[in-house]
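>>> sequence? don't have it. structure:
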């Protein structure tokens, strides 16, 4: 599918900062204190960093992140097993087992990443919403907008919520009479994952109540992600339409088409 | 009776000494302000103002009399019954048909901030910032449920404007509420939050 991209490309540093930072820390400690402290520190960092994908798995039940959790744990295990082996080659312990598993998991993680299974898809949803919208000059206003209706039962909603969160399309907030889907860009998900952020009012969201009413709210910060001044009214309506279409597809068991639609945008999985 | 007249009458009747004053007026053929003041232990100026107010409302008659000394006024009660009747329907919005036909939408770059109601299908209030710098003030308007639902469906800036009636229909707000809807529309037009096209 050919289309003119309407959102600005995200800074690639957002995706590579963690391995880059750990490498810098590892090399610094290696030079200052030697290999053992450097490996132990690196192992500790990876064990700690595994908390993030664990939180994502627990909150979203996204199975792809399980591979990330296991990869980080095995990197940690390799790192803390390395110093004794460096000092005495007879004490290699379980390293010959850990390293192949670590590389195997690395392959799995890389495959998942290239297939955008580890990336919050807020940006792709914005692109889909922006496709039919014209550039008519800044018309932003900071308030939600009703965006139509979609008939939905509670069972269908539960299924949809599960699908949306499992595939990292949006972060759901379940309320008494509706579900609010917060669109999350890569890197902005951590406050939700750790439950630090319990309010969504300041974010971009799409709410669907149990009567089927759709409401859309786009923040100024997210509106500025677009390269051009899109008609804000049309953009909100279109975002509501995207979710209505997703919900209709989910109701008929065609969830794979939702993923296909987003994948067809062919956005860079790392930027 | 106009609202202003009723308000003046209400203010007069609410005075602590009003009842005693009327007892004098009912029982005296006529009375001067100095006589009333001495009788009720009031300042003469207070008695004079009270009687002048009653004269302006047509409850007493003010007559100038000349005796040996300089001229002064005597007051005679004209009505033994005072009724206070205000027709509140005069406040109803005039010309509601035309008002509902107005094409409106939110004005671009206004200084309003809408608060979403707990139910999520309307606004509970709108805060308008007025002035600049130290003079900046916030004016919060709490909305009724129909007003909140109506404004929730207000077209965005640059969007196709809709008539007030159409927005009410979209918001599922009945025509019974047209007067209060028009009130908030007029207020937000005045505050540059809504524009009429």
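Received, thanks. The structure presented is a predicted model; accordingly, all values stated were derived computationally and were not measured.

>>> Counting neighbours, which bits of stretch A:29-38 end up buried?
For stretch A:29-38, the neighbour count (16 or more other C-beta atoms under 10 Å in any protein chain shown) marks A:29-30, A:36, A:38 as buried. (C-beta placed from N, C-alpha, C; glycine too.)

>>> what's the answer for stretch B:15-24, then?
In stretch B:15-24, counting by 16+ other C-beta under 10 Å, buried: B:21-22, B:24.

>>> The residue lying closest to residue A:144 once chain neighbours are set aside bridge partners, please.
Nearest non-adjacent residue to residue A:144, counting by C-beta to C-beta, 6 or more residues apart in numbering or on different chains: residue A:217, 4.0 Å away. Beta-bridge partners of residue A:217, counted by DSSP bridges, are residue A:205.

>>> tell me the contacts of residue A:250?
For residue A:250, the contact set (C-beta atoms under 8 Å, 6 or more residues apart in numbering or on different chains) comprises A:156, A:159-160, A:163, A:258.

>>> cool, and residue A:217?
So residue A:217 contacts A:143-145, A:203-207, A:236 (C-beta under 8 Å, 6+ apart).

>>> from the residues you listed, which is closest to residue B:8?
residue A:143 (43.4 Å; C-beta to C-beta).

>>> The closest one belongs to a strand, doesn't it?
No - judged by DSSP: H, G, I helix; E, B strand; the rest coil, residue A:143 forms no part of a strand; its state is coil.

>>> Residue B:114 is in contact with that one, correct?
Yes - judged on C-beta atoms under 8 Å, residue A:143 makes contact with residue B:114 at a distance of 4.3 Å.

>>> Next, the contact list for the closest residue to residue B:148 other than its chain neighbours, please.
Spatial nearest neighbour of residue B:148, chain neighbours left out: residue B:122 (3.5 Å); criterion: C-beta to C-beta, 6+ apart. Residues near residue B:122 by C-beta under 8 Å, 6+ apart: B:116, B:143, B:145, B:148-149, B:151-152, B:171.

>>> In a markdown table: these, plus neighbour count and pLDDT.
Conversion of those to a markdown table gives the following (neighbours: other C-beta atoms under 10 Å in any protein chain shown; pLDDT from 0 to 100):
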| residue | neighbour count | pLDDT |
| --- | --- | --- |
| B:116 | 19 | 85 |
| B:143 | 21 | 89 |
| B:145 | 15 | 89 |
| B:148 | 24 | 92 |
| B:149 | 24 | 92 |
| B:151 | 25 | 92 |
| B:152 | 23 | 92 |
| B:171 | 21 | 89 |
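
>>> Including secondary structure and distance to residue B:159, could these go into a markdown table?
Putting those into a markdown table (DSSP: H, G, I helix; E, B strand; the rest coil; distance: C-beta to C-beta, whole Å) gives the following:
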| residue | secondary structure | distance to residue B:159 |
| --- | --- | --- |
| B:116 | strand | 19 |
| B:143 | coil | 21 |
| B:145 | helix | 24 |
| B:148 | helix | 19 |
| B:149 | helix | 18 |
| B:151 | helix | 14 |
| B:152 | helix | 14 |
| B:171 | coil | 15 |
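
>>> Among the residues you listed, which one lies nearest to residue B:197?
Nearest to residue B:197 among the contacts of residue B:122, with distances taken as C-beta to C-beta, is residue B:151, at 17.1 Å.

>>> any idea how far that closest one lies from chain A?
9 Å (C-beta to the nearest C-beta, to the nearest Å).
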